[in-house]
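Participant: 3D, please:
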Amino acid sequence: MIPTAAALIYFAFLASNVYVSESRFVVRSPDKPSVSGLGVLLKGAGFSNSGDEIYAADDYIQSRDALRALNRDGSVVRAYGNSQVSIFDRFNAFGFDGSFESLFDYFRKKVGVGFDSTSSITTLTVRAYNPQEAQKFNRQLLELAEDQVNRLNRRGRTDVIALSEQEIQDAEEAARRAALALAEFRNASGIIDPEKQAAVQLQMISKLQDELIGSRMQLLQLRAMAPGNPQVPILQVRVAGLAREIDRQLGLVAGNRRSLSATAARYQRLQLDREFADKRLAAAMTSLQDARAESRRKQAYVERIAQPSLPDEAQEPRRFRGILATFVLGLVAWAILTMLLAGVREHHG
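Facilitator: Numbering: from 1, shown residues only. The predicted model follows:
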């Protein structure tokens, strides 16, 4: 009867009323649809699941940072540590330990976060000794969770876009260096495009060879028919001149270190470097555009399913159940103790 009487006194006169404010929310993202039955319904209304942000929001609600932001003006300490709260339920009731860690251990027992993996809905409950304060803390925690998700979005967008912009800067620098190297090569060698110039040179050599063949045939004919013709020496000089010019032109195309064939390899390497740098720059610019579009499309949002409720009556403590449980446990303990005492008496008797 003593424990039952103590429980009766505590629940009837000492225990403070506890008011529970409840809210529900989901974190949605346009590119992560839910596949559950309720998820399909939410998807039809524009909702979809964003797993990483959900866990981040849930963990943040129960974090020290959230409590620090919530208690910036000391409202948490005032709500749970005022004299109207029972000394058994009050924070720092005896004034021995008012540290932040003690407040954190105390407050996280007043906050409950439940996540339903089937529907992706998170239920947030806040217990307080005043209905308005329970609703206020619930609303503030929801706002802090929304701010946290928004920060994650901004950080993700900033990181992706910053990486893309840095890649563009690197690609622009590489393209500039490649263009300068090609320009320096052209200025130093006096060659714009070895392949095109070689084609022109070969066309010229082909024409000279045609002329040389024609002159030789004409010279042979004159020697056979009129050896003393005064055109023979002229044709001989022409043939010799054409042969020398052909050799010189062939030397420009191939045959020495300054020939077109010798410079073509270096030109092709420089040209490939420039083309690769230009393609890299174009790809980087495309990646930046894609990153900006993707960052806008993949934002996560906290969508409230149920606003923080304002309780109109205390849900805890459950006084009758507490008294009844104490009475039943007291009977059980009394029965066990009686049996033990009976056994001891028999043993001594």
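
Participant: how about the closest residue to residue 311 other than its chain neighbours, phi and psi?
Facilitator: Leaving aside its sequence neighbours, residue 311 sits nearest to residue 19 (CB to CB, 6 or more residues apart in numbering; 4.3 Å). Using the backbone N, CA and C atoms, a C-beta is placed for each residue, glycine as well. Here is the backbone geometry of residue 19 (degrees, to the nearest 10): phi -110, psi 130.

Participant: what bridges to residue 19?
Facilitator: residue 128 (DSSP bridges).

Participant: likewise residue 124?
Facilitator: residue 23, residue 113.

Participant: Hmm, residue 115 and it touching each other?
Facilitator: No: at 10.1 Å, residue 124 does not count as touching residue 115 under the criterion of CB atoms under 8 Å.

Participant: List the buried residues for stretch 161-169?
Facilitator: Of the residues in stretch 161-169, 164, 167-168 count as buried by neighbour count, 16 or more other CB atoms under 10 Å.

Participant: Can you show me the helices along the stretch 51-200 of the chain?
Facilitator: Ranges of helices in the stretch 51-200 of the chain, per DSSP state H, counting those that start in this stretch, are 51-61, 64-70, 75-81, 100-107, 131-189, 194-225.

Participant: Nearest to residue 281 among the buried residues of stretch 161-169?
Facilitator: Set against residue 281, the nearest of those by CB to CB is residue 168 (7.1 Å).

Participant: ok, how many other residues are close to residue 82?
Facilitator: Residues lying near residue 82 (other CB atoms under 10 Å) number 12.

Participant: phi, psi of it?
Facilitator: According to degrees, to the nearest 10, residue 82 has phi -80, psi 160.

Participant: In contact with it, which residues are there?
Facilitator: residue 90 (CB atoms under 8 Å, 6 or more residues apart in numbering).

Participant: pLDDT value on it, please?
Facilitator: Per-residue pLDDT puts residue 82 at 86.

Participant: Over to residue 50?
Facilitator: 52.

Participant: who touches the residue nearest to residue 145 when sequence neighbours are not counted in this structure?
Facilitator: Closest residue to residue 145 apart from its sequence neighbours, by CB to CB, 6+ apart: residue 57 at 4.3 Å. By CB under 8 Å, 6+ apart, the contact set of residue 57 is 27, 122, 145, 148-149, 302.

Participant: and of these, the nearest to residue 68?
Facilitator: If you rank those by distance to residue 68 using CB to CB, residue 148 comes first, at 13.1 Å.

Participant: mind checking how far the nearest residue to that closest one once chain neighbours are set aside is from residue 152?
Facilitator: Nearest non-adjacent residue to residue 148, counting by CB to CB, 6+ apart: residue 60, 4.5 Å away. Plainly put, residue 60 is 10 Å away from residue 152 if you go by CB to CB, to the nearest Å.

Participant: Select from the contacts of residue 57 the one having the most neighbours.
Facilitator: residue 27 (28 neighbours).

Participant: Give me the angle between the helix or strand hosting that one and helix 51-61.
Facilitator: Per DSSP states H and E, residue 27 falls inside strand 19-28. In terms of direction (axes from the mean of the first three to the mean of the last three CA atoms, to 10 degrees), strand 19-28 departs from helix 51-61 by 150 degrees.

Participant: what's the angle from strand 19-28 to helix 131-189?
Facilitator: With the same axes, to 10 degrees as the basis, strand 19-28 and helix 131-189 are set at 20 degrees to each other.

Participant: for the record, mean pLDDT for strand 19-28?
Facilitator: For strand 19-28, the mean pLDDT works out to 90.

Participant: how distant is that strand from the center of its chain?
Facilitator: Relative to its parent chain, strand 19-28 has a centroid offset of 26 Å by CA atoms, centre = their mean, to the nearest Å.

Participant: Check stretch 113-121 too.
Facilitator: 23 Å.

Participant: List the buried residues of that stretch.
Facilitator: Neighbour-count burial for stretch 113-121, counted by 16+ other CB under 10 Å, picks out 113, 119-121.

Participant: what's the distance between residue 8 and residue 2?
Facilitator: Look at residue 8 and residue 2: by CB to CB, they are 11 Å apart.

Participant: about what we covered before: adding distance to residue 286 and pLDDT, write the buried residues of stretch 113-121 out as JSON lines.
Facilitator: Output for those, formatted as JSON lines (distance: CB to CB, whole Å; pLDDT from 0 to 100):
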{"residue": "113", "distance to residue 286": "42", "pLDDT": "91"}
{"residue": "119", "distance to residue 286": "39", "pLDDT": "82"}
{"residue": "120", "distance to residue 286": "34", "pLDDT": "82"}
{"residue": "121", "distance to residue 286": "39", "pLDDT": "89"}
